[in-house]
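# The sequence isn't on hand, but the structure is:
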């Protein structure tokens, strides 16, 4: 007869923590309990008027409403926009005559006014650090052989990424990404037939930044610039000259890595680990000492904490989903709906068609209704997903549950050219069927051809935004969804509409009239007005102090 003292579970009596998990604990503990930062009273801080800053803050809200962008990129994009205005509008002729220190000072002041940086917290020495970055990239641009606008955009994108990195160092995230890289670098394995062994390390590094920190292509390009030029971060004059001389070939190398065949397949693997490590960061951040002690006192406490954090993240995901939907509705209404409606009425009259109030109402309300329906029916994580997160985290944190078996990267699908032609033809047929069905339905309810074109325009735009929004809602899902026949049919007929919306979004974002008016007509004089108002408040304060 078996002894009653034998445990029914195969769970080890004591679980030991992996070196990587210990590093994350130490990093978070130091970030929370490090020595308090003592502000030297002799060091001047960058300070702006709180009253005047309100104007800039609300302007920034309006500006962000007319150009849809992911929330985590708003500050970086603001840096890029300010640098472009300073260089292209205010100093369009000779980059060498830009006062880089004054440019850096204005940049930081504008970021504080807009609410992207705290007021009265940054030392003025930060101005010189930002100025050094601006000077480096202006010199690079001046020495580059081609004076195309694309090159200027590329250089300013790199500069804004480096400034963003400077003003927001995140040691905890760097530690987590280092642990994630070391873990996956040992396990990822390429099929023997793929000749990308040399590219795998940098592709994994890019994927972790793309997934964990949500880097855009400008920020990834900065990583690649440093990868191909190890001395770029502390570049000398000779370094800048060398990079400028090889700028064309360097851009090709960067583009090749950004569009690498492995990128999507590695991203698919890294996305799950991003969820694991983000949840782990949340769990530890609640109380590093208590969580660490519970590993030895209560082995079930860790899973309970994970469930609690997951529930909170899922709730935040729902909130973020609705917030993104509202931002999309406002963006589409301000930049697309107004022009479409203003166009529909005179166009109907010009071509002799009757202005239909019903079609006009449908075209105005349809985008919002479709977005609301898509958000309301979006799939969110469930209990099965939480169980997989717990399992994944235990593999990362405990030596006894760690897995060392290789993770095979799927080989890219290779098709015969004839099959590609056949599939392209089928896709073209699907394209006409999808749009044809919508046109037929609109014709049955007596839409004019002008109203139909506007409806299709809205349909494609909103469909693409729905895909983007729902993709964000899926960021915490690590359990693969099951394919169903209804899902297959929906994807089959919706893909041409979404693809058209993506193409139109890219084209129309380049000719956004509201953005042009705000950036090139309103913003420059508005910033001058804010500067004058700021100086006036200082003058009034000085007069008051002298009384």
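Cool, the structure landed. Everything quoted here is computed from the prediction, not taken from an experiment.
# what's the single longest helix in this structure?
helix 301-332 (DSSP state H).
# That helix - contacts with which helices or strands?
Packing partners of helix 301-332 (3 or more C-beta pairs under 8 Å, 6 or more residues apart in numbering; DSSP states H and E): helix 50-65, helix 263-286, helix 288-297, helix 357-376, helix 383-397, helix 449-473. Heads up, the C-betas are built off the backbone N, CA and C, glycines and all.
# Is it possible to get TSV of the ones you listed that adds distance to residue 346 and mean neighbour count?
Shown next, in TSV, are the helices and strands packed on helix 301-332 (distance: least, C-beta to C-beta, whole Å; neighbours: other C-beta atoms under 10 Å):
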stretch	distance to residue 346	mean neighbour count
helix 50-65	26	16
helix 263-286	45	19
helix 288-297	64	14
helix 357-376	12	16
helix 383-397	51	18
helix 449-473	10	20
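# Would you mind measuring from residue 323 to residue 313?
Relative to residue 313, residue 323 is positioned 15 Å away (C-beta to C-beta, to the nearest Å).
# neighbour-wise, which of those two wins?
Neighbour tally, residue 323 and residue 313, criterion other C-beta atoms under 10 Å: the higher count belongs to residue 313, 19 against 12.
# Specify the residue ranges that define each domain of this protein.
11-43+170-286, 49-169+514-539, 318-377+405-511 (automatic domain parsing).
# quick one: contacts for the closest residue in space to residue 427 that isn't next to it in sequence?
Distances taken as C-beta to C-beta, 6 or more residues apart in numbering put residue 496 closest to residue 427, at 7.1 Å, once the chain neighbours are dropped. By C-beta atoms under 8 Å, 6 or more residues apart in numbering, the residues touching residue 496 are 427, 430, 431, 434, 435.
# hang on, isn't the fourth one packed against residue 490?
No. Proximity of residue 434 to residue 490 does not meet the contact threshold set by C-beta atoms under 8 Å, at 10.9 Å.
# Counting neighbours, go ahead and name the busier of those two.
Of the pair residue 434 and residue 490, residue 434 is the one with more neighbours under other C-beta under 10 Å, namely 19 against 11.
# per-residue pLDDT, the more buried one?
Looking at residue 434, its pLDDT stands at 87.
# With residue 74 instead?
The model reports residue 74 with a pLDDT of 86.
# Before we go further, it is sitting in a strand, right?
No. Counting by DSSP: H, G, I helix; E, B strand; the rest coil, residue 74 falls outside a strand, being helix.
# What distance do you get for it to residue 160?
Look at residue 74 and residue 160: by C-beta to C-beta, they are 12 Å apart.
# quick one: which of these two has more around it?
Taking other C-beta under 10 Å, residue 74 and residue 160 do not tie; residue 160 has more neighbours (27 against 17).
# after the helix or strand that the more buried one is a member of comes which helix or strand?
For residue 160, the host element (DSSP states H and E) is helix 149-167. Sequence-wise, the next helix or strand beyond helix 149-167 is helix 171-187, with elements assigned using DSSP H and E.
# hey, which helix or strand in this protein has the poorest pLDDT?
helix 513-517 (a mean of 54; mean pLDDT, DSSP states H and E).
# which residues does residue 152 contact?
Residue 152 neighbours (C-beta under 8 Å, 6+ apart): 87, 88, 141.
# Look at it and report its pLDDT.
82.
# Ok, residue 285 next?
93.
# hang on, the earlier thing: and the longest helix of the chain, what's buried?
Buried residues in helix 301-332, defined by neighbour count with 16 or more other C-beta atoms under 10 Å: 302-303, 305-306, 309-310, 313-314, 317, 320-322, 324-325, 327-329, 331-332.
# same question, stretch 108-121
Those would be 108, 109, 110, 111, 112, 113, 114, 115, 116, 117, 119, for stretch 108-121 by 16+ other C-beta under 10 Å.
# of those residues, closest to residue 217?
Relative to residue 217, the closest of the buried residues of stretch 108-121 is residue 116; by C-beta to C-beta it sits at 20.8 Å.
# which residues are in contact with stretch 474-486?
Stretch 474-486 is contacted from outside by 271-272, 275-276, 310, 313-314, 317, 379-381, 384-385, 388-389, 392, using C-beta under 8 Å, 6+ apart.
# residue closest to the middle of the chain?
residue 214 (4.4 Å; C-alpha atoms, centre = their mean).
# Now do the SS call for it.
Following three-state DSSP, residue 214 is assigned to coil.
# burial measure for the nearest residue to it once chain neighbours are set aside, as a count.
Nearest in space to residue 214, with sequence neighbours left out and distances taken as C-beta to C-beta, 6+ apart, is residue 72 at 5.0 Å. By other C-beta under 10 Å, 11 other residues sit near residue 72.
# what separates residue 72 from residue 179, distance-wise?
Look at residue 72 and residue 179: by C-beta to C-beta, they are 21 Å apart.
# got it, and residue 305?
Distance, residue 305 to residue 179, using C-beta to C-beta: 19 Å.
# From residue 292, how far out is residue 301?
Going from residue 301 to residue 292 by C-beta to C-beta gives 11 Å.
# For the strand or helix carrying the residue nearest to residue 427, could you pull out the residues that count as buried?
Assigned by DSSP H and E, residue 496 belongs to helix 485-509. By 16+ other C-beta under 10 Å, the buried positions in helix 485-509 come out as 495, 496, 497, 498, 499, 500, 501, 502, 505.
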